[in-house]
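[1] Sequence and predicted model, in that order:
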Amino acid sequence: MAEYEKVLKTAQLASPDLFGSAPYRWKEVDPEVKGERKVLFGMCRMCMQGDCLTLVHVEDGVVVKIEGHPGAPPNYGSLCPRGNSAVMNLYNPYRVKAPLLRTNPEKGLDVDPMWKEISWDEALDIVAERLKKVREKDPRGLVVNEGWGQRDTIIRVPFQKAFGTPNEVGSHGPLCTVHYATCLVHANFPVSVVDLEYCQYHITLGRSLGPNFATTGGTRKFAKAIERGMKLVVVDPRCSYEASKGEWVPIRPGTDLAFLLAMAHVMFYEIQKYDEWFLKNRTNAPYLIGPDGYYCRDPESGKPVLWDPVEKTARPWDARFKDIALSGTYTVNGVECRTAFDVVRDQFAPYTPEWAERICTVPAATIRRIAREFVEHARIGSTIEIDGFTFPFRPASLNTERNVTNHRGGTYADLTGKIINMLVGNIEVPGGCLGCGKRGPVLAPGPDGTVMPAYEAVGVPFKFPPDHVDMAEFYPHRHTAPHLTIKAILDPEKYYLDYRVEAWLSVGGNPIRANAQPDVYVEAFKKIPFVVSIAYHMDEPTYLADVVLPEHSFLERMRVVAFWPQHQSVSNETNGLQMVSINQPVPPVFNTRHVDEILLELAERIGILYGEGGVYDQLNRSTDFIIGDEGLVLREGYKLDLNTKYSLEEIFDRQLKGWIGEGKGLDYLNKVGYVARWNSPKTGYNYYYFPEDRTRHEFYFINLKKQGDSLRENLRKHQIKFPGIDDEEYIFDLYKPVPHWVENSELNAPEEFDLWAINWKTPYYSSDTGNVTGNPWLAEIYAKDPYEAVICVNSATAQKKGLKDGDLVIVESRYGKIEGRLRTSELFHPDAVGVSGCYGRGTPQSNPLNRKGPNFNTLLPLDEKTLDGVSAGQEIAPRVKIYRKGERR
Amino acid sequence: MVIDLLRCVGCNSCTVACRAEHGTPANVQFNKIKKYEIGKYPTAKMKFLPMPCMHCQYPPCLKVCPAGATIKKEDGIVLVDENKCIGCRACIVACPYESRHFLWDIKGYYPGNLPTPYEALKHKKFDRGTVVKCNFCAHRLEKGRLPACVETCPAQARYFGDLDDPESEVSRLIALHRGTAFRPELGTEPSVFYIKG
């Protein structure tokens, strides 16, 4: 508490009046609105999900209260602590209040930019002129950096496409590469989740169901599931909020792959009770695999073949079978083939629970028990009728996310989770494991009879020299890769770039705080000739910018969106919901503009707004990233004329008229706040669209193998290597069609680094959206929270090291070090050092609260050898040592 | 009020919603959540205890108030009349639940800066040198709404109603789950009950 007050007091030193010397003088109440009371329809944006509907109460032009919109989905009147603190996001004297131009050419996080306030016209002209030159030279020279700080723009992607740069780089991604397996097996995005409407036995690893970071929808569904008695198993180095409501299975950080391989081993070799119908009819497990690891194909049709044990012959996958062999070795066209199921099963033979226990510390008996309970609860063979439609009923699911996937071998861990789920046949059916994004015919089979890989499982085509500054050509399934981007900026020859990054446009991204080794990022920023930041506050990338374009806070922002199914879990609270809703803007407090108005203005001045290929044309052609045509897109009859200027409101109006129909657009939404359509809950399960044997999921991950083989061929062809990797097998070992054990970069660290650092999202910090660490209402609470902005260690571990609660300690990895107050606790694995959220860093001109607390990300590596070579995800459980400050080393 | 401790996940939405509803000055929180651990590794758990004012049937704070500023309304809500409060702080000492706060100063959240328009407006109703506390959002109840902490709770862990009515949801929940008060031995008879602890 004392520390919190001390930090608050330092706010006086960094006075925020345009970063001059006096406190900011707030505008007087406009006499015209004096006495006016109104309630606006709002949408929260205090987390990356940003879908909670609110009511915003305004009196005398001042926002006096923001509350959940009673009765309205998806939050039904509730809000999380961040959403409840949103008023402080609006009235924040540390916001950027006017366009700024740097006058000090020297850049650094401790160097005053010496801002000069300029007019909007000047600022836009300066930026447009520079970007125009970049574009004329080589449009790839512009990097557009998106991130959690700005999720409400509809123009950013069309702008980047019209500009002609492939370099959209997200700063939020590489510490959360959780997508590939879901994109491959479920053809969905971003992740797969549990069906909390029906699940009876849920195993969750390295992720949150909602309560850990207090998302309203997730927490509502979670509380109901716990209340109705769902058994919850949380495999985690930390006894989280969620683990405290179920069975906590402590695991050594970064070793989930071993646990998962062993669980699958128990299912394959000890339990041996599978959903055989599912495996035979809804996966590629019975496909015959040749000695080269590829499908054995019918010579005439070219289709993969399966073995009919009754007819004793191989037939194409879409033929009629008397029975299908799941197991066995068969000779087809003179070649000996095995079923994919056998190939996969063989791979799991060595991974006994005893083997895993030595690595992950979870007792072998616990792994066996969990595997048995999982299979028993799955009720293989049972069905459920929902709204007249009969589904397989599998009320058990295992789900993994970032703390499982963000290590070398993390993609294998996620894929092993898929195998575990497929063995009980719970994919996309009630009670089971569901892709959390688009609902509809996404499981359509391709020519080989299997679900077509979607989103990030499609892969970026190879090209040499690479077009993408983030090295997408070398990591075709990468999520986002700012870490590779800055390395390529710093050393373009090593990364084979035949052009140079000449400009950087920040639109909500902050890789300096949200990624690893901030000092390296700062060096890269210094090297970029022209940096522009569309900014809410003076965060790190803004402090290093040449021109700052101040944007509205989310409450001031007109926003119209279509609802995305939620990321944490599924239940009938939102199953079947399609919705559009509006955030009606409150009067702007400063001289700021809507992010999309800024981008449209820039596009016009650069000359990329109108005509074919321009921003309007791109917008006409774009679909919703997650839900495709069901999103707010410009439908036929509402497309923009390529040579007419439109306001943002006019664009929203056209999107809405296409979605709502009956000529109802923005005026209508302004009156009603949201339009919800409820489809039958059965449409919430994608099995519904391709039931029975009408599609197949990859059980044998042939598309992963294909990508690896193609990448190898391309590297050979150009006689090149993965930048920063000496032995390419180190990466190709991650492209096998069956997951296997690989060691991550931290497992065999030098002995002195005897612990592992771990990190988690919290109710006060779920992502760097809405500058939550600078919000004083939240700061007041996290300052009192035992586990926030401190360094947590198991009590026995602390005792062994002679450390006690409250000590000032240093945590040091091989990549960086941080300091903070020690919290001893029983809630942590003895090998873990826990640091929550993303505190620390900040700039001299941001709210001093941003500088409070240890910055976990400083401990993380940037080295390619530490990545998961498929997703390009970074290692997030580095080996560390801990010692009292000033005592040794 | 009934608080379901199985449902509560300790997120502090209630605490912040309360602050937003009342616009309390810096460092004054009517609602709080005590977070603590039970057990030893590897069977330890995190526990949460949300604490609004207990609105006791026999409020110790009322007894000690020399100015008659603390009143208990007919519906059981315990209030402070800021016009009568002389700021002696006897009630703060008397309250075993730390539910009362003395306004040493009306501070904004950006020290060294002027109060935000929100703070300027909301702080008008607070008087320096008086005691403030949770009032179960009496102003909302008058309009037929529930207290802000109840409506905002993402876990739906809070219930509000008439304890005198044996048929009310809160009475039924207390009976069904054998609801308990916090520190019942004090004889304060709180109106806040905890279930499934």
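    Thanks, I have the structure now. Numbers count the residues shown, from 1 in each chain, chains lettered A, B, ... in the order given.
[2] residues in contact with stretch A:367-387?
    By CB atoms under 8 Å, 6 or more residues apart in numbering or on different chains, the residues outside stretch A:367-387 that reach it are A:198, A:200-201, A:203, A:231, A:233, A:249, A:259, A:262-263, A:266-267, A:270-271, A:273-275, A:277, A:353, A:356-357, A:390-396, A:398, A:420, A:423-426, A:430-431, A:680-682, A:685. Quick note: C-beta positions are derived from backbone N, CA and C, even for glycine.
[3] Buried ones among these?
    Among these, the ones that count as buried by 16 or more other CB atoms under 10 Å in any protein chain shown are A:198, A:200-201, A:203, A:231, A:233, A:249, A:259, A:262-263, A:266-267, A:271, A:274-275, A:353, A:356-357, A:391-396, A:398, A:420, A:423-426, A:430-431, A:681-682, A:685.
[4] sorry, back to before: filter the contacts of stretch A:367-387 down to just the ones in strands.
    Mapping the contacts of stretch A:367-387 onto strands (DSSP state E) picks out A:201, A:203, A:231, A:233, A:249, A:390, A:391, A:392, A:396, A:398.
[5] Among the residues you listed, which one lies nearest to chain B?
    residue A:249 (8.3 Å; CB to the nearest CB).
[6] Helices of chain B, start to end?
    For chain B, the helices defined by DSSP state H cover B:13-22, B:60-64, B:90-94, B:117-122, B:138-142, B:148-152, B:169-177.
[7] Please point out which parts of the lowest-mean-pLDDT helix or strand in chain B sit buried.
    Lowest mean confidence among the helices and strands of chain B (mean pLDDT, DSSP states H and E): helix B:117-122, at a mean of 94. Buried residues in helix B:117-122, counted by 16+ other CB under 10 Å: B:117, B:118, B:119, B:121, B:122.
[8] For it, report the contacting residues that lie outside it.
    With contacts defined as CB under 8 Å, 6+ apart, helix B:117-122 is touched by A:26-27, A:29, A:59-64, A:87-88, A:90-91, A:589, B:22-23, B:25, B:108-109.
[9] Pop out the phi and psi values for residue 153.
    Going with chain A. phi -90, psi 140 (degrees, to the nearest 10).
[10] OK, contacts around it?
    A:507, A:508, A:595, A:596, A:599.
[11] could you redo the last one with a cut-off of 7 Å?
    Residue A:153 is in contact with A:507, A:595, A:596, A:599, counting by CB atoms under 7 Å, 6 or more residues apart in numbering or on different chains.
[12] distance of it from residue B:195?
    Note on residue A:153: its distance to residue B:195, by CB to CB, to the nearest Å, is 45 Å.
[13] what's the answer for residue A:497, then?
    As judged by CB to CB, residue A:497 and residue B:195 stand 62 Å apart.
[14] Spatially nearest residue to residue A:352, not counting backbone neighbours?
    residue A:265 (6.0 Å; CB to CB, 6 or more residues apart in numbering or on different chains).
[15] swap in residue A:232?
    residue A:246 (2.9 Å).
[16] does the one you found really touch residue A:233, like I thought?
    Yes - in this structure residue A:246 lies within contact range of residue A:233 using CB atoms under 7 Å: 6.2 Å.
[17] Name the next helix or strand downstream of the helix or strand of chain A with the lowest mean pLDDT, please.
    Across the helices and strands of chain A, mean confidence by mean pLDDT, DSSP H and E is lowest for helix A:2-10: a mean of 46. Where DSSP states H and E defines the elements, the next helix or strand beyond helix A:2-10 is strand A:37-43.
[18] can you list the weak-confidence ranges in the stretch 751-889 of chain A?
    A:888-889 (pLDDT under 70).
[19] just chain A next, same as before
    A:1-22, A:888-889.
[20] Chain B: strands as residue ranges?
    Using DSSP E, the strands found in chain B span residues B:2-4, B:32-38, B:45-51, B:70-72, B:78-80, B:100-102, B:131-133, B:158-159, B:193-195.
[21] Export those strands to TSV and append columns for mean pLDDT.
    Below are the strands of chain B laid out as TSV (pLDDT from 0 to 100):
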stretch	mean pLDDT
strand B:2-4	98
strand B:32-38	97
strand B:45-51	97
strand B:70-72	97
strand B:78-80	97
strand B:100-102	97
strand B:131-133	97
strand B:158-159	98
strand B:193-195	98
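[22] Kindly reformat these as TSV and extend each row with mean neighbour count and distance to residue A:576.
    Converted to TSV, these look like this (neighbours: other CB atoms under 10 Å in any protein chain shown; distance: least, CB to CB, whole Å):
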stretch	mean neighbour count	distance to residue A:576
strand B:2-4	25	28
strand B:32-38	16	34
strand B:45-51	20	33
strand B:70-72	18	48
strand B:78-80	21	45
strand B:100-102	19	46
strand B:131-133	21	44
strand B:158-159	22	28
strand B:193-195	21	32
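[23] Ok, which of those strands comes nearest residue A:469?
    strand B:45-51 (43.2 Å; CB to CB).
[24] Counting by contacts, list what the closest one packs against.
    strand B:32-38 (3 or more CB pairs under 7 Å, 6 or more residues apart in numbering or on different chains; DSSP states H and E).
[25] does any bit of the strand it packs on sit next to chain A?
    Yes - residues of strand B:32-38 are located near chain A by CB under 7 Å from any CB of the partner chain, namely B:35, B:37.
[26] Since that was my last question, I'll sign off now.
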